[in-house]
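*Asks:* Take this sequence and fold it.
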Amino acid sequence: MNGKTVSCGIVLLDPEGRVLLAHATGTDHWDIPKGQGETGETEVQSARREMVEETGIDVSAARLVDLGRFAYRRDKDLHLFAARALASESDLSRCVCVSMFPRRHDGVMIPEMDAWRWVAPADVAQYASRSLTRLFNTALSLTELHRRIETA
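*Replies:* Numbering: from 1, shown residues only. Predicted coordinates:
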C-alpha cells in the first residue's frame with residue numbers, strides 16, 4: 001500500500017466526445033463523478049455508486065470500460081472507468097445529487113454537486129481542477145478515449 005487514497009469514478013462521454021462534469025457545491029470546481037469506495041466495494045461498484053449519488057445516472061457495469069489506475073495528486077490516485085452516454089442520459093436537467101454534506105458555516109446539509117454540464121475536451125481547463133486537467137492532457141486524452149469507446 002502506498003498510503004494514497006483511491007477515488008473511483010466514471011468518465012462519461014456524450015456522442016460528440018464531451019465529458020460530463022459536475023459542479024462541487026460552494027466551490028468553483030467542476031469534476032467527474034467520483035469518490036472513495038466503501039468497505040467491501042469493488043472499484044466498479046464504487047464508481048457506479050458515486051455516479052448515481054452525484055448525478056442520478058446509473059451506468060450498468062456491462063457498459064463500462066476499465067481504464068485502470070492513474071496518479072492524480074500526491075495523496076490520491078484515481079481508478080477510472082469510461083462509458084458512452086445513452087440518449088436518455090444526455091439531458092442533464094434530469095440530474096440530481098443525493099450525496100449530502102454539512103455546509104461549513106452553518107451545518108445545513110447541502111448536496112455535494114449542484115450543477116452538471118457537458119464540456120468539450122478543449123474547454124476542460126476552464127472548469128476542472130488543475131489535477132483533472134493535467135490528467136486529461138497527459139495520461140488520459142479525452143479525444144483518444146472518445147475514439148476508443150466508439151469502437152468498444
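*Asks:* Give me the residues contacting the helix or strand hosting residue 20.
*Replies:* Assigned by DSSP states H and E, residue 20 belongs to strand 19-24. Contact partners of strand 19-24, identified using Cβ atoms under 8 Å, 6 or more residues apart in numbering, comprise 11-14, 29-33, 54-55, 85, 92, 95, 97, 112-119, 121, 124, 127-128, 136, 142. Yep, even glycine has a C-beta here, placed from its N, CA and C like the rest.
*Asks:* now what about the helix or strand just after that strand, what contacts it?
*Replies:* Remark: after strand 19-24, the chain's next helix or strand is strand 30-31, criterion DSSP H and E. Outside strand 30-31, the residues that touch it by Cβ under 8 Å, 6+ apart are 21-24, 117, 119, 127-129, 132.
*Asks:* Among those, find the lowest-pLDDT one for me.
*Replies:* Minimum pLDDT across the contacts of strand 30-31 is recorded for residue 129, with 90.
*Asks:* looking at it, that one is touching residue 29, isn't it?
*Replies:* Yes: under the criterion of Cβ atoms under 8 Å, residue 129 is in contact with residue 29, at a separation of 5.5 Å.
*Asks:* List buried residues within the contacts of strand 19-24.
*Replies:* Taking 16 or more other Cβ atoms under 10 Å as the criterion, what is buried in the contacts of strand 19-24 is 11-14, 30-33, 54-55, 85, 92, 95, 97, 112-113, 116, 118-119, 121, 124, 127-128, 136, 142.
*Asks:* returning to that earlier point: can you put the contacts of strand 30-31 in CSV and add distance to residue 147?
*Replies:* Formatted as CSV, those follow (distance: Cβ to Cβ, whole Å):
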residue, distance to residue 147
21, 20
22, 24
23, 28
24, 29
117, 22
119, 18
127, 22
128, 21
129, 25
132, 20
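*Asks:* Residue 107: which of those is nearest?
*Replies:* Nearest to residue 107 among the contacts of strand 30-31: residue 24, at 18.1 Å, using Cβ to Cβ.
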